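Asker: no sequence on this one, just coordinates:
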């Protein structure tokens, strides 16, 4: 298993997230099988679920919680939607997610803000809107873009030579503020 092959593995999240409330049962069954296998091979590895803020979360999270009744969920990776259109949950919806998890699982596991990887300014705004929630345990940065142009590859906030790019200060300031 991955847990045996990577002895430094600390956290494992099952992705992709349930696509809808109708998919929650299948996702939960897969999660339980993966969690049992990982815990048997590496009991210290935390195993978590993924929640997609753009996959009807108001219905999907309770359905997932019901399908996971009695299962241990160590953490939740929350991939926020870019906007609240159609009831989607954004980075500012961590408190809603925490309440839904509390209600459906009986406890809210630590939440990781997943999938940040826009421009430094976009990621800074997402971190700022989520940082007030005590349930937020961390953030997972995808490839951070240093340009808003889709023609420019998302290649980070440092050059290959280690020189900082323009968005570095904006993103690092937001990270510093979120750590407080």
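Answerer: Done, it's in. Note that the structure is predicted; figures quoted are calculated from it, not measured.
Asker: How many residues are close by residue 71?
Answerer: 15 (other C-beta atoms under 10 Å). Just so you know, the C-beta spots here come from the backbone N, C-alpha and C atoms, and that holds for glycine as well.
Asker: any idea what it is structurally, helix, strand or coil?
Answerer: coil (DSSP: H, G, I helix; E, B strand; the rest coil).
Asker: tell me the pLDDT at it?
Answerer: At residue 71, the model reports a pLDDT of 95.
Asker: In contact with it, which residues?
Answerer: Contact analysis of residue 71 by C-beta atoms under 8 Å, 6 or more residues apart in numbering lists 28, 31-32, 35.
Asker: Buried ones among these?
Answerer: 28, 31-32, 35 (16 or more other C-beta atoms under 10 Å).
Asker: Can you tell me which of the residues you listed is nearest residue 22?
Answerer: Taking C-beta to C-beta as the measure, residue 22 sits nearest to residue 28 out of the buried ones among the contacts of residue 71, at 12.1 Å.
Asker: Isn't that closest one up against residue 70?
Answerer: No - Residue 28 lies out of contact with residue 70 (C-beta atoms under 8 Å); the separation is 10.5 Å.
Asker: Where does pLDDT dip in the chain?
Answerer: 1, 117-119, 131-132, 143-156, 160, 178-180 (pLDDT under 70).
Asker: Could you identify the longest helix within it?
Answerer: Across the chain, the longest stretch assigned as helix under DSSP state H is helix 24-41.
Asker: Just the buried residues of that one, please?
Answerer: 24, 27-28, 31-32, 34-35, 38-39.
Asker: so which pair among those is furthest apart in space?
Answerer: Largest separation among the buried residues of helix 24-41 by C-beta to C-beta: 24 and 39, giving 21.4 Å.
Asker: Appreciated, that's everything.
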